[in-house]
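# Predicted coordinates and the sequence they were generated for:
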Amino acid sequence: MAKVGFIGLGNMGGPMAINLVNAGHHVEVFDLSTTAMDSVVAHGAVAASSANAAANEKQFVITMLPAGKHVAALYLGENGLLSAVDSHTLMIDSSTIDAATARLVAQAAEQKNIPFMDAPVSGGVGGAVAGTLSFICGGNVEHFEHSKIVLENMGKNIFHAGDVGAGQVAKICNNMLLAVLMAGTSEALQMGIDNGLDPKVLSEIMLKSSGRNWCLELYNPVPNVMENTPASNDYQGGFMVDLMLKDLGLAGEAAQLSQSTTPFGAMARNLYAMHSKGGNGSKDFSSIFQLFEQDKK
Ligand code: NAD
């Protein structure tokens with residue numbers, strides 16, 4: 001069993017750290033919020049007095065922070081996290097951040113001969129609790145193989161996307177496509193409803209036709225078309241609009257840097273921004289359906 005430092009114990013990091021404890025690892029944790037720390041310590045983790053103390057003399061350090069600026073502030077600088085570890089510690093950042101910051105941190109780590117990987121996740125809070133997350137990793141193959149000792153206790157699918165930063169890029173490509181698919185599926189279903197169709201029947205038809213996609217298969221955005229979806233639970237649970245908006249912002253930045261043409265991604269970002277401004281930021285992202293529905297009210 002490994003010695004692990006875990007920093008950032010929020011909605012995702014908390015249950016991920018608990019799964020490592022449950023798998024038998026020695027887990028030392030730190031968060032700026034004492035409430036977040038207490039809930040993980042109650043499951044058997046050890047409380048550290050600082051992030052650097054949590055990271056010191058560990059085989060793995062996992063960070064799960066809100067955004068790139070938090071990651072840069074934590075890792076870099078004279079007294080940053082990289083000053084508390086050596087070449088025996090594999091640093092794994094699972095936050096969803098811009099690839100440029102991931103590469104900047106990786107460069108600083110390399111200068112000190114410290115192994116670093118970006119490993120953002122998909123699967124949401126439900127996946128974090130159940131230990132079924134997908135990890136999308138960027139880093140060298142050796143580090144990737146080594147990381148499975150801990151990642152397999154928190155996730156079901158562990159992917160190697162390429163070099164450092166590739167995990168972040170793969171994740172935002174996927175989420176940009178997901179947002180486009182969810183908005184497109186919503187607009188098609190609402191047009192069917194406006195023309196007198198039953199959304200259940202239309203969904204069945206499209207599921208067996210060329211419009212078939214993940215949203216229709218597992219995550220229909222129309223209330224009461226499928227059981228156990230956020231749409232059938234007042235858009236509660238699932239993946240929040242504001243987190244999708246954050247990922248679409250990262251996708252836009254990445255597209256600008258690589259001079260990629262992403263008109264549908266840009267449109268999806270604007271639709272999600274409008275929807276969030278309408279007071280829907282904490283609803284599930286399938287609630288984008290309501291934007292099309294409201295047109296008729
Ligand atoms: P969260 O806001 O619930 O948790 C972040 C935690 O980091 C907080 O507890 C905060 O106190 C802590 N923190 C911030 N700066 C810190 C520092 N310097 N030292 C120690 N602790 C610090 O966020 P979350 O929902 O757990 O998401 C974490 C990351 O995972 C984000 O990058 C998010 O985009 C990504 N993500 C979230 C979901 C989701 O459904 N929530 C899904 C996939 C990916």
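Looks like it came in fine.
# okay, now Gln294: neighbour count?
By other C-beta atoms under 10 Å, 11 other residues sit near Gln294. Quick note: C-beta positions are derived from backbone N, CA and C, even for glycine.
# Can you say which helix or strand has the residue located most distally from the centre of the chain in it?
Distance from the C-alpha centroid of the chain peaks at Gly196, with 37.6 Å (C-alpha atoms, centre = their mean). Assigned by DSSP states H and E, Gly196 belongs to no helix or strand.
# Over in the chain, which residue gets nearest the ligand? Let me know.
Going by C-beta to the nearest ligand atom, the ligand is nearest to Gly10 of the chain, at 1.8 Å.
# Do you know the pLDDT at that residue?
Looking at Gly10, its pLDDT stands at 95.
# now Asp295
55.
# Now for the residue of the chain closest to the ligand: which residues touch it?
For Gly10, the contacting residues are 31, 33, 36, 64, 66, taking C-beta atoms under 8 Å, 6 or more residues apart in numbering as the criterion.
# switch the cut-off to 10 Å
Residues counted as contacts of Gly10 (C-beta atoms under 10 Å, 6 or more residues apart in numbering) are 16, 31-33, 36, 64-66, 125, 128.
# Tell me where the protein has helices.
Counting by DSSP state H, the chain has helices at residues 13-22, 34-41, 51-55, 68-75, 99-111, 124-130, 141-151, 166-194, 199-207, 214-218, 241-258, 263-275, 289-294.
# how about the fifth one: buried residues?
It refers to helix 99-111. Buried residues in helix 99-111, defined by neighbour count with 16 or more other C-beta atoms under 10 Å: 99, 101-106, 108-109.
# Tell me which of the helices of the chain is the most buried.
helix 13-22 (a mean of 24; mean count of other C-beta atoms under 10 Å).
# If you count contacts, what does it end up packed against?
Secondary-structure packing of helix 13-22 (3 or more C-beta pairs under 10 Å, 6 or more residues apart in numbering; DSSP states H and E): strand 3-7, strand 26-30, helix 34-41, strand 60-63, helix 124-130, strand 133-138, helix 141-151.
# quick one: that helix to chain centroid distance?
Distance of helix 13-22 from the chain centroid (C-alpha atoms, centre = their mean, to the nearest Å) equals 16 Å.
# Between helix 141-151 and it, find me the angle.
Put simply, helix 13-22 runs at 80 degrees to helix 141-151, going by axes from the mean of the first three to the mean of the last three C-alpha atoms, to 10 degrees.
# Quick one: residues contacting Asn140.
Applying C-beta under 10 Å, 6+ apart, the residues contacting Asn140 are 115-117, 146, 160, 162-164.
# What does it show for phi and psi?
Asn140 has phi and psi values of phi -80, psi 160 when expressed as degrees, to the nearest 10.
# re the thing from before, intersect the contacts of Gly10 with the contacts of the ligand.
Among the contacts of Gly10, proximity to the ligand is found for 31-33, 36, 64-66, 125 (C-beta under 6 Å from any ligand atom).
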